[in-house]
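*Asks:* What follows is a predicted structure for the sequence shown.
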Amino acid sequence: MSATALHLTEAIVRGHLSSAMSKLNAAGSLEAVRNAQRLGWL
């Protein structure tokens, strides 16, 4: 499912991604995925 199908703007998606990366103490997406796996989020 895409952001467009859910009627979400690019700004909203970026905001959620930024928030998740901040909570995961990640500087980039790869680090975020690794941290999420380590924490059992994925």
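*Replies:* Happy to help now that I have it. Numbering: from 1, shown residues only.
*Asks:* center of this structure, which residue is that?
*Replies:* Nearest residue to the geometric centre of the chain (CA atoms, centre = their mean): L17, 3.3 Å.
*Asks:* That one: which element?
*Replies:* helix 10-23 (DSSP states H and E).
*Asks:* Using PDB, write out every CA atom in that helix.
*Replies:* The C-alpha coordinates for helix 10-23 follow below in PDB (Å, rounded to 0.1, in the frame of the first residue of the first chain):
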ATOM      1  CA  GLU A  10       5.000  13.300   1.600                       C
ATOM      2  CA  ALA A  11       5.500  15.600   4.600                       C
ATOM      3  CA  ILE A  12       3.500  13.400   6.900                       C
ATOM      4  CA  VAL A  13       5.500  10.300   5.700                       C
ATOM      5  CA  ARG A  14       8.800  12.100   6.200                       C
ATOM      6  CA  GLY A  15       7.700  13.200   9.700                       C
ATOM      7  CA  HIS A  16       6.800   9.700  10.700                       C
ATOM      8  CA  LEU A  17      10.100   8.300   9.400                       C
ATOM      9  CA  SER A  18      12.000  11.000  11.100                       C
ATOM     10  CA  SER A  19      10.200  10.200  14.400                       C
ATOM     11  CA  ALA A  20      10.900   6.500  14.100                       C
ATOM     12  CA  MET A  21      14.600   7.100  13.300                       C
ATOM     13  CA  SER A  22      14.900   9.400  16.300                       C
ATOM     14  CA  LYS A  23      13.300   6.800  18.600                       C
END
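*Asks:* Could you shift the numbering so residue one becomes 530, and keep it that way?
*Replies:* All set: I'll call the first residue 530, so the last point we hit is now helix 539-552.
*Asks:* name the helices or strands packed onto it?
*Replies:* Under the contact criterion of 3 or more CB pairs under 8 Å, 6 or more residues apart in numbering; DSSP states H and E, helix 539-552 touches helix 558-567. Heads up, the C-betas are built off the backbone N, CA and C, glycines and all.
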